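>>> Starting from these lines, generate the structure:
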Amino acid sequence: MSAVIDVQGVEKMYRRKVHALRGVDLQVGAGEIFGLLGPNGAGKSTLVKVLMTVISATKCKGTMLGKKIGDKSALTQVGYLPEHHNFPKYLTSQQVLRHFGAMAGVDRKTRNKRADELLEIVNMTNSATDKLGTYSKGMRQRIGIAQALMNDPKLVVLDEPTDGVDPIGRRDIREILLRLKGEGRTVFLNSHLLSELEMVCDRVAIMVHGQMRQQGTIDELTEGRSGFRIRSAAAIDGLAIDASKAAVHGIECAGEPGEHELVFQTSNAQTVQPAIDSLRKHGVVIESLGFHRPSLEDLFIQAVSEEPDGARPGAQQGKKGARS
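As a prediction, the model looks like this:
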């Protein structure tokens with residue numbers, strides 16, 4: 001994997017020895033949508049600010065777009081939406097975009113044309129001449145995303161882009177993110193909306209207490225945790241459980257007498273058929289049968305519920321490897 005962001009051992013300590021980041025390793029591949037998630041205070045925004053040189057790290061080794069973190073030539077190829085942006089309310093959205101285009105060194109003709117194009121992409125053309133002071137939070141977020149694209153970046157870093165956006169607006173932003181990926185751009189997304197991340201991200205990282213707990217694709221992070229679940233209308237007795245275990249050789253079957261559910265750690269539907277036959281033979285009424293894969297929310301809750309000491313620098317990554 002060609003890495004657009006590849007950092008190791010990132011640390012940030014504030015005064016009074018407050019550790020915001022504790023040896024973070026992070027790899028973001030070219031052309032992917034990468035989601036960073038974690039509870040409030042986990043250090044997500046601090047990490048983003050370190051990458052964007054808004055704040056200085058206590059320790060940081062690595063590269064962004066092939067250059068050392070903080071390299072100005074690399075930063076000119078990055079589009080950035082801060083978490084708490086505050087654009088001048090007396091400017092119109094068109095003026096804001098042209099202003100940021102000028103700051104990014106985009107020539108007048110190009111920035112004027114690009115501002116109009118981006119307003120259309122974020123569905124704000126009809127409000128182009130309205131002042132930002134009249135905008136809702138969701139409308140300001142759309143303009144924030146548009147300004148992050150004014151310099152035609154290779155890497156787009158968005159810190160909580162759907163904060164305060166209604167469901168329709170979140171859907172529109174998802175479509176924008178997928179469009180950016182389709183254009184070959186890399187999107188680094190920091191959000192606490194797990195359902196949003198799960199729908200668009202190629203890979204995710206879970207950060208807790210300033211450390212990475214997990215990093216990889218959803219499939220990699222759920223490997224070994226997925227399987228078929230058979231739920232009965234009544235309790236499954238021990239005889240039926242033993243029969244179903246024997247019928248599925250080599251497949252782990254989690255269940256105890258008195259429970260209503262059996263979980264088979266396999267994604268192969270054919271191997272579960274003998275167990276179904278065995279249960280039916282013993283008079284077990286099957287209420288439901290389905291394949292279950294832990295959601296991103298399940299992974300998140302598990303990571304957050306663990307003891308803080310359970311996290312470590314350079315957290316476990318997907319077995320297929322997330323490093324370049």
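>>> Mind pulling up the pLDDT for residue 222?
Looking at residue 222, its pLDDT stands at 75.
>>> same deal with the one 4 residues further on?
The per-residue pLDDT reported for residue 226 equals 73.
>>> now residue 310
At residue 310, the model reports a pLDDT of 43.
>>> Enumerate the positions of stretch 273-282 that are buried.
274, 275, 276, 278, 279 (16 or more other C-beta atoms under 10 Å). Using the backbone N, CA and C atoms, a C-beta is placed for each residue, glycine as well.
>>> residue boundaries of the helices in this protein?
Assigned by DSSP state H, the helices in the chain fall at 44-51, 72-75, 93-103, 108-121, 137-148, 167-182, 194-200, 218-221, 238-247, 269-281, 296-305.
>>> Quick check: residue 101 vs residue 122, distance?
Applying C-beta to C-beta, to the nearest Å, the value for residue 101 to residue 122 is 15 Å.
>>> what does residue 26 give?
According to C-beta to C-beta, residue 26 stands 28 Å off from residue 122.
>>> and the residue nearest the centre of the chain, what are its bridge partners?
For the chain, the residue nearest the mean C-alpha position is residue 35 (2.1 Å; C-alpha atoms, centre = their mean). Residue 35 forms beta bridges with residue 189, residue 204, as assigned by DSSP bridges.
>>> Start and end of stretch 119-133, how far apart?
One end of stretch 119-133 sits 17 Å from the other (C-alpha to C-alpha, to the nearest Å).
>>> Same question for stretch 215-229.
26 Å.
>>> ok now it, how far from the chain's centre?
Relative to its parent chain, stretch 215-229 has a centroid offset of 16 Å by C-alpha atoms, centre = their mean, to the nearest Å.
>>> outside of it, which residues touch it?
Here stretch 215-229 makes contact (C-beta atoms under 8 Å, 6 or more residues apart in numbering) with 25-27, 198, 201-206, 214, 261-267, 269, 272, 288-294, 296, 299, 315-320, 322.
>>> Give me the buried entries from those residues.
Buried residues within the contacts of stretch 215-229, defined by neighbour count using 16+ other C-beta under 10 Å: 25-27, 198, 201-206, 214, 262-264, 266, 272, 296, 299, 315, 317-318, 322.
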